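**Student:** Below are the sequence and a predicted model; questions follow.
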Amino acid sequence: MSRERKHILLVTGMSGAGKSTVLKTLEDLGWEVVDNLPLLLLDRLLDAPLPEGSPDNSQPLAIGIGARTRDFDPERIVRRLRDMRDPNGPDIATLFLDCAGPELERRYSETRRRHPLALDRPASGGIDRERALLKPLRDWANRLIDTTAMTANELAQVIRTSFAGDDLGAPILSVRSFGFSRGVPRNADLVFDMRFLRNPHWDPQLRPGTGLDADVSAYIAADPAYEAAVGRIEELLMLLLPRYRAEGKSYVTVAFGCTGGRHRSVHVAERVGARLRAAGFSPTVSHRDLGAAPQDSLEGPTVGT
């Protein structure tokens, strides 16, 4: 039996975007993890078969590489990965972790760490330099995760959901709720507006609750337009998601919005997430504005609610 691995994942991206979190999570899932390997040894590692006595070839390998790696050369890495393409060889994927510059600056400020490419200058300069340096890898990567709006726990959950199985080709699927009054998520691929449903905010007994509560959910589901509208959204997603996968899209975010992001969008996101799981998908469901305090000034007029 061949001792070559079935799966190899190169994990790279912006410093501070979450590479350590990703590698730790993969290690917890049973992956062999190697971080900051010099490029000379990277070639040897990719070429080497599994040693006798090691776990069988079902154990995947994750290799962390970035600006701190000795002799880091993104274009050389891309050429090496291109040369390794082989239909009969291991499944080799590249995961790129991205993050907006202001958020990276905030993270470096909070941790009081220096950016690896800006040891004697503001972090912003190092971030810009690193973004330009990594462009070949970002363009090459077949998987991209933008961690700008993610906590470490949310990123770990995305990785657990996406890489616990054998299929590295499946897109990372996220279902999120949000409030339009607090802005549309910047990385949403599909946005559905749930403000046509009647609003529990204007019922004094339901206002303190959320879309996770049974009485609030029952109130929303009783809207005459609810079943037909949400059912058609689910049918549309069942049609689109396999097409996204066939096109090689690595990251799909479906966002449901209402005014405040606490009731209607939360309930619909939970329902759609459950429907997708029943259909064999593995979505991560999160609620951006669930903890926000209810405010009449954000909800608009009571007419039609």
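**Tutor:** In hand now; what should we look at? Numbering: from 1, shown residues only.
**Student:** contacts and neighbour counts: CA atoms only from here.
**Tutor:** Fine.
**Student:** what helix or strand is the residue most central in space within the chain on?
**Tutor:** Nearest to the mean C-alpha position of the chain, by Cα atoms, centre = their mean, lies Ile145 at 4.7 Å. Using DSSP states H and E, Ile145 sits within strand 143-146.
**Student:** Would you tell me what the next helix or strand after that strand is?
**Tutor:** By DSSP H and E, the next helix or strand past strand 143-146 is helix 152-163.
**Student:** and the following helix or strand past that next one, which strands flank it?
**Tutor:** With elements assigned by DSSP H and E, the helix or strand that comes after helix 152-163 is strand 172-179. Applying DSSP bridges, strand 172-179 is found paired with strand 251-258 (parallel), strand 284-287 (parallel).
**Student:** re the thing from before, so which bits of the strand holding Ile145 are buried?
**Tutor:** Using 16 or more other Cα atoms under 10 Å as the test for burial, strand 143-146 gives Arg143, Leu144, Ile145, Asp146.
**Student:** what sits opposite the first one in the beta ladder?
**Tutor:** Residues found in beta-bridge contact with Arg143 (criterion: DSSP bridges) are Leu95.
**Student:** Give me the distance between Gly13 and Asp146.
**Tutor:** Gly13 sits 10 Å away from Asp146, going by Cα to Cα, to the nearest Å.
**Student:** who touches both of those two?
**Tutor:** Jointly contacting Gly13 and Asp146 under the rule Cα atoms under 8 Å, 6 or more residues apart in numbering are Leu97, Asp98.
**Student:** before we move on, what SS does Thr25 have?
**Tutor:** Here Thr25 is recorded as helix under DSSP: H, G, I helix; E, B strand; the rest coil.
**Student:** Enumerate every residue touching the residue lying closest to it once chain neighbours are set aside.
**Tutor:** Excluding the flanking residues, the one nearest Thr25 by Cα to Cα, 6 or more residues apart in numbering is Ala156, at 6.0 Å. Taking Cα under 8 Å, 6+ apart, we find Ala156 in contact with Thr21, Val22, Thr25.
**Student:** okay if I get those residues as TSV plus neighbour count, pLDDT and distance to Glu103?
**Tutor:** Converted to TSV, the contacts of Ala156 look like this (neighbours: other Cα atoms under 10 Å; pLDDT from 0 to 100; distance: Cα to Cα, whole Å):
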residue	neighbour count	pLDDT	distance to Glu103
Thr21	16	93	17
Val22	24	94	18
Thr25	22	90	22
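**Student:** Out of those residues, the closest to Pro74 would be?
**Tutor:** Nearest to Pro74 among those, counting by Cα to Cα, is Val22 at 19.8 Å.
**Student:** buried residues in the top helix by length along the chain?
**Tutor:** When the chain is parsed with DSSP state H, its longest helix is helix 226-246. Neighbour-count burial for helix 226-246 flags Tyr226, Val230, Glu234, Leu241, Arg245 (criterion: 16+ other Cα under 10 Å).
**Student:** distance of the last one from Arg186?
**Tutor:** The gap separating Arg245 from Arg186 is 21 Å, by Cα to Cα.
**Student:** For the helix or strand containing Ile63, list the C-alpha coordinates in PDB.
**Tutor:** Ile63 is part of strand 61-64, with elements assigned from DSSP H and E. Extracted as PDB, the C-alpha positions of strand 61-64 are listed here (Å, rounded to 0.1, in the frame of the first residue of the first chain):
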ATOM      1  CA  LEU A  61      -0.800  17.000   7.200                       C
ATOM      2  CA  ALA A  62      -1.100  20.800   7.800                       C
ATOM      3  CA  ILE A  63       2.000  23.000   7.100                       C
ATOM      4  CA  GLY A  64       2.000  26.500   8.500                       C
END
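**Student:** Restrict the following helix or strand past that strand to CA atoms and write it as PDB.
**Tutor:** Following strand 61-64 in sequence order, the next helix or strand is helix 74-83 (DSSP H and E). Output in PDB follows, covering the C-alpha atoms of helix 74-83 (Å, rounded to 0.1, in the frame of the first residue of the first chain):
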ATOM      1  CA  PRO A  74       5.700  33.000  -2.000                       C
ATOM      2  CA  GLU A  75       6.400  32.800  -5.700                       C
ATOM      3  CA  ARG A  76       8.700  29.800  -5.200                       C
ATOM      4  CA  ILE A  77       6.000  28.100  -3.000                       C
ATOM      5  CA  VAL A  78       3.400  28.600  -5.700                       C
ATOM      6  CA  ARG A  79       5.700  27.100  -8.300                       C
ATOM      7  CA  ARG A  80       6.300  24.100  -6.100                       C
ATOM      8  CA  LEU A  81       2.600  23.500  -5.400                       C
ATOM      9  CA  ARG A  82       1.900  23.900  -9.100                       C
ATOM     10  CA  ASP A  83       4.500  21.200  -9.900                       C
END
